[in-house]
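**Student:** coords please:
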Amino acid sequence: MPIVHSKLTRRLSIWTASLVLALLLSAVAFAASGGIGAPMKATLAYDASGTKLAKGARVAYLGLGVSNPYLTKLQQGIMDAAAKYGIEVKVFSSEFNRSTQHKQVQDAIAQKFDAYLIAPVTQSGGCADVKLLQQTGKPVEVHNIPICTYPDYPAGANGFVAMQGQKYFSDHVMNAFKSCTKPCEVAAVGGFIGSDLFTFWENAIKLAKAKYPNVHVVVDQPGNFDPRAAFKVIQDGLQAHPNISVVISSWDDMTRGAVQAIQAAHKKPGTDIRIYSVGGTKDALSKINSGVMTETTVLLPYEEGYYPIVHLAKRLATGKSTPGYTNEADAPAVTTGPKTLFITKANAASFKPEY
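**Tutor:** The predicted model follows:
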């Protein structure tokens, strides 16, 4: 269904120090399962045999928005799975606004849906909202990020589908930093200050700096997932630090601005300055194949939307939940393709971008 959303107009509050520490301590729990994990196996098995619900169902999706290609593709996954199982989905779009999402949770509860799916704006706010939703006695599914202080699957949830946890970002930054075989200068551009994803990103940089002391991060700024903001960050960074040889970014679309800034500085992206990004988009794959970008780390927005609806359909049809961490890294798009989340020119042909 077409939905019109406004742009984000405010920044979210920064997490408390104790919550940041909890995320750092939980990083190891986000490790891939060394083979396809049981939750993903159960998800794929049910989806292969699942049929439409006999009486249909109404599900409220309390999402982040459709303000970028990732979120648009995610919502497509939700709607495709809903059509397959005979589920009607009503979308509540918070546009990354914690206060808005809380009000929408209350509204959704008042409308008495058969089940709820939430992508929390923040971990702490999501914790309170999920507990509120659970008081309805209806199934509550969580995706995108963890809630409360749980490193992955939250107690009592119908299921949990995600990939962008602390370990995901830490692995991405570590992969970039290890390319510096001698002292090098790095520019980092991330998302929105105060958001969970930005906290993961900043924690990842801290962890990688400790492991690779020859790497000097001379620029570390938010880019708000906006290529225009990223252009300014990298442009200013190159003017102040002309010896930057690596750029790391937390979003491929934002990276487009970084590439333009490098070119404007009369440097060759991918050669003079290596670029490590996040997303696995069609544009990123094109840039990797042409040598403009060095690496992109896979994201699977379609699966992130599709699998939670499979979980809810299973619960509504059989009464059985899908406990545990359904890690998108275990999805067939990865396991039957590149078998890694790191896409370079060497393995780009084995990965099919979704958006």
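
**Student:** make it CA atoms for all contacts and neighbour counts henceforth
**Tutor:** OK.

**Student:** quick one: the helices in this structure, in order.
**Tutor:** In the chain, the helices defined using DSSP state H lie at 17-25, 38-49, 69-85, 98-110, 123-134, 166-177, 196-211, 227-240, 252-264, 282-289, 301-318, 332-335.

**Student:** among these, which comes closest to Ala346?
**Tutor:** Ala346 sits nearest to helix 282-289 of all these, at 8.8 Å, using Cα to Cα.

**Student:** buried set for that closest one?
**Tutor:** 284-285, 287-289 (16 or more other Cα atoms under 10 Å).

**Student:** quick one: the residues you listed as TSV, columns for pLDDT too.
**Tutor:** Below are these laid out as TSV (pLDDT from 0 to 100):
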residue	pLDDT
Ala284	98
Leu285	98
Lys287	98
Ile288	98
Asn289	98
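
**Student:** any idea which of the residues you listed is closest to Val130?
**Tutor:** For Val130, the closest of the buried residues of helix 282-289 turns out to be Ala284, at 34.9 Å, with distances computed as Cα to Cα.

**Student:** how far away is Ala38 from Tyr168?
**Tutor:** Ala38 sits 19 Å away from Tyr168, going by Cα to Cα, to the nearest Å.

**Student:** who has more neighbours, these two?
**Tutor:** Using other Cα atoms under 10 Å as the criterion, Ala38 and Tyr168 rank with Tyr168 on top: 23 against 17.

**Student:** from Gly190, how far out is that one?
**Tutor:** From Tyr168 over to Gly190 the distance is 14 Å, taken as Cα to Cα.

**Student:** now swap in His102 and tell me
**Tutor:** Counting by Cα to Cα, the gap from His102 to Gly190 is 25 Å.

**Student:** those two: which has the busier surroundings?
**Tutor:** Neighbours per residue, other Cα under 10 Å: of His102 and Gly190, the larger number sits with Gly190, 25 against 21.

**Student:** hang on, isn't the more buried one packed against Asn203?
**Tutor:** No - between Gly190 and Asn203 there is no contact under Cα atoms under 8 Å: 11.6 Å.

**Student:** now this structure, which segments are flagged as low pLDDT?
**Tutor:** 1-34 (pLDDT under 70).

**Student:** if we can go back for a sec, which one of the helices of the chain lies nearest to Asn347?
**Tutor:** Closest to Asn347 of the helices of the chain is helix 282-289 (Cα to Cα; 9.8 Å).

**Student:** how far out from the middle of the chain is that closest one?
**Tutor:** Centre-to-centre, helix 282-289 and its host chain are 19 Å apart (Cα atoms, centre = their mean, to the nearest Å).

**Student:** hmm, who's touching it?
**Tutor:** Helix 282-289 has contacts (Cα atoms under 8 Å, 6 or more residues apart in numbering) with 252, 293-296, 344-345, 348, 353-355.

**Student:** in JSON lines: these, plus distance to Gly126.
**Tutor:** As requested, these are exported to JSON lines (distance: Cα to Cα, whole Å):
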{"residue": "Asp252", "distance to Gly126": "26"}
{"residue": "Met293", "distance to Gly126": "35"}
{"residue": "Thr294", "distance to Gly126": "35"}
{"residue": "Glu295", "distance to Gly126": "32"}
{"residue": "Thr296", "distance to Gly126": "29"}
{"residue": "Thr344", "distance to Gly126": "35"}
{"residue": "Lys345", "distance to Gly126": "38"}
{"residue": "Ala348", "distance to Gly126": "36"}
{"residue": "Pro353", "distance to Gly126": "29"}
{"residue": "Glu354", "distance to Gly126": "27"}
{"residue": "Tyr355", "distance to Gly126": "27"}
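
**Student:** Gly125: which of the residues you listed is nearest?
**Tutor:** Nearest to Gly125, judged by Cα to Cα, of these is Asp252 at 27.2 Å.

**Student:** so which of the contacts of helix 282-289 is the closest to Pro183?
**Tutor:** Of all the contacts of helix 282-289, Pro183 sits closest to Thr294, with 18.5 Å by Cα to Cα.

**Student:** burial count for the closest one?
**Tutor:** Using other Cα under 10 Å, Thr294 has 25 other residues around it.

**Student:** now it: phi and psi?
**Tutor:** phi -90, psi -40 (degrees, to the nearest 10).

**Student:** ok, now which ones touch it?
**Tutor:** 270, 274-276, 288, 344-345.

**Student:** which among these gets closest to Phe92?
**Tutor:** The nearest member of the contacts of Thr294 to Phe92, counting by Cα to Cα, is Tyr276 at 33.1 Å.

**Student:** I'd say that closest one and Gly291 touch.
**Tutor:** No - Tyr276 is not in contact with Gly291 according to Cα under 8 Å; the separation is 12.0 Å.
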